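> Dropping the sequence and predicted coords here.
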Amino acid sequence: MTIDEIYRSVRVIANKEQRGFLKPSEFNLLADQAQMELFTQRYNNVKEYQTVKAKTGAYTIAPGVSYASSQKVVDDLRPFINYRTALAYANGFWGYPERYLHALSMTYNGVEVEFVGEDRLVKRLNSSIVPPSADHPIAIQADGGFVIYASGSDLTSGIIQLTFLDRPTRPFWAFTEVSGNPIYNPTNSVNFQFGEQTHNELIIKILNYLGVHIRDKDIYTYSTTQEQTGV
């Protein structure tokens, strides 16, 4: 669905539930909140899967995950994945890319980098069994970016590539005003980045913000009404 189709669906249901006219500015604000809420839910699932993978060496269904498999989460988040972005070193850090939210993987000269917590860093640096090396580099995250080790001191050069999740682009229903009424402007509008399979969830979340609570299957009934009435 386009953002116009989602806006019209939300507006029809809100009107049926006597929530009043939904202004474009209100919809745009709630649309971004709904997208970020959905993103955060999926993103947290990814972190949970990664935690399980780190402990077991393989993806496993973890308690509390709301979907049947990690592939569903990955499919939903695919529009937000940036693959193998080269990082630059400056001021003591390998800086975060623009719009960066969460690291998925990193390589140093083609070798996978292990992310470790600050609480484990000193132990790893001083380890005689698994110290950081060119074959087993490690990294921590700081406010200014990543600090990467392939020896006892941090790296200042090399080819660092990061695969990460970025912040979803803000959806925007643009319009031109005609006789006091907002008319959809597709040229200046921005659709949701999430795929079609999540759009009903987004509609439900926006409606929840408006105080309207419906189920996924109820959207079809409202959509049928919308098609028949041409609203």
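Cool, got the structure.
> Point out where this protein drops to low pLDDT.
45-70, 216-218, 220-231 (pLDDT under 70).
> repeat that with 50
52-69, 231 (pLDDT under 50).
> ok, which stretches of it are strands?
Here the chain has its strands, by DSSP state E, at 81-86, 89-90, 93-94, 100-108, 111-112, 114-115, 138-142, 145-149, 160-166, 175-178, 181-184.
> Residue 6: which of these is closest?
Nearest to residue 6 among the strands of the chain is strand 181-184 (11.6 Å), distances taken as CB to CB. (Each C-beta comes from the backbone N, C-alpha and C, glycine too.)
> Dump the strands of the chain into TSV; add distance to residue 199 and mean neighbour count as well.
Formatted as TSV, those follow (distance: least, CB to CB, whole Å; neighbours: other CB atoms under 10 Å):
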stretch	distance to residue 199	mean neighbour count
strand 81-86	19	12
strand 89-90	40	14
strand 93-94	37	22
strand 100-108	22	17
strand 111-112	35	12
strand 114-115	33	14
strand 138-142	33	18
strand 145-149	35	21
strand 160-166	20	19
strand 175-178	20	11
strand 181-184	17	13
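> Generate CSV for those strands, with distance to residue 213 as supplementary columns.
Output for these, formatted as CSV (distance: least, CB to CB, whole Å):
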stretch, distance to residue 213
strand 81-86, 32
strand 89-90, 49
strand 93-94, 45
strand 100-108, 29
strand 111-112, 45
strand 114-115, 39
strand 138-142, 38
strand 145-149, 42
strand 160-166, 29
strand 175-178, 28
strand 181-184, 26
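> Out of those strands, which is closest to residue 44?
strand 100-108 (9.7 Å).
> Taking strand 138-142 as reference, get the angle to that closest one.
Per axes from the mean of the first three to the mean of the last three CA atoms, to 10 degrees, the angle that strand 100-108 makes with strand 138-142 is 160 degrees.
> Just give the nearest non-adjacent residue to residue 10, would you?
Closest residue to residue 10 apart from its sequence neighbours, by CB to CB, 6 or more residues apart in numbering: residue 206 at 5.2 Å.
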